[in-house]
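In: heads up, no residue letters with this:
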């Protein structure tokens, strides 16, 4: 299988982390969205929405959207609970991540780290900070008395949330205010097959932004 993405994107990193933790053979094809590589004619044939990541299976089938991809990759493994209600709770957290977490924390990170905080974006940045802090507070509260988000066991719910939370400080969020999140981040980083976003970037020769 082939994966089109950028390791420094949280949505792509979550796919790479699942692939790594499940030891799934694959070819990773770097796509530089800042250079418009997700808007080329060839890429839009894979995903008309012009977004990464994209998974292309051996038979040519294409799957888009990061959480859909990791649900497909992890199906039948220890990363997805076997009972119906727990799987619904897992999806609950993944929907939370895409609607109440990623649009704020990821966008704030993009404005600060990649756009270098242009004056025209300051108001937008501040609004994203507010939404991101709200999401972090929800996560902090949910972690009281538990190590992981679903059934107290590590799952793709944790991977979905980890991807942008662990780099939230790059978006101007102070994670020292969230001690339970910090403990959870450490637990995720101790799982078998874990590899950091920046270690992956260094291995594949992707240039980091300071």
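Out: That came through fine. Keep in mind it's a predicted model, so treat the numbers as computed, not measured.

In: how much space between the residue of the chain most remote from its centre and residue 111?
Out: Residue distances from the centre of the chain (C-alpha atoms, centre = their mean) peak at residue 119, which lies 27.3 Å from the mean C-alpha position. Distance of residue 119 to residue 111, computed by C-beta to C-beta, to the nearest Å: 11 Å. Any C-beta I mention is one placed from the backbone N, CA and C, and that applies to glycine too.

In: before we move on, what about residue 176?
Out: Applying C-beta to C-beta to residue 176 and residue 111 gives a distance of 21 Å.

In: Equivalent analysis for residue 6, please.
Out: Using C-beta to C-beta, residue 6 is found at 17 Å from residue 111.

In: ditto for residue 135
Out: Counting by C-beta to C-beta, the gap from residue 135 to residue 111 is 16 Å.

In: Same question for residue 12.
Out: 19 Å.

In: residues near the closest residue to residue 128 other than its chain neighbours, how many?
Out: With sequence-adjacent residues excluded and distances taken as C-beta to C-beta, 6 or more residues apart in numbering, residue 128 is closest to residue 108, at 4.1 Å. Neighbour count of residue 108, defined by other C-beta atoms under 10 Å: 27.

In: Just the buried residues of the longest helix seen in the chain, please?
Out: Longest helix of the chain, by residue count under DSSP state H: helix 122-142. Using 16 or more other C-beta atoms under 10 Å as the test for burial, helix 122-142 gives 125, 128, 129, 131, 132, 133, 135, 136, 139, 140, 142.

In: With adjacent residues omitted, what lies nearest to residue 27?
Out: Spatial nearest neighbour of residue 27, chain neighbours left out: residue 2 (4.7 Å); criterion: C-beta to C-beta, 6+ apart.

In: what does stretch 125-138 contact?
Out: The contact list for stretch 125-138 (C-beta atoms under 8 Å, 6 or more residues apart in numbering) reads 96, 100-101, 103-105, 107-108, 111-112, 117, 165, 168, 171-173, 175, 177-178, 181.

In: meant to ask about stretch 43-61, not that
Out: 1-6, 9, 11-12, 15, 31, 33, 37-39, 62-64, 66, 69, 72-73.
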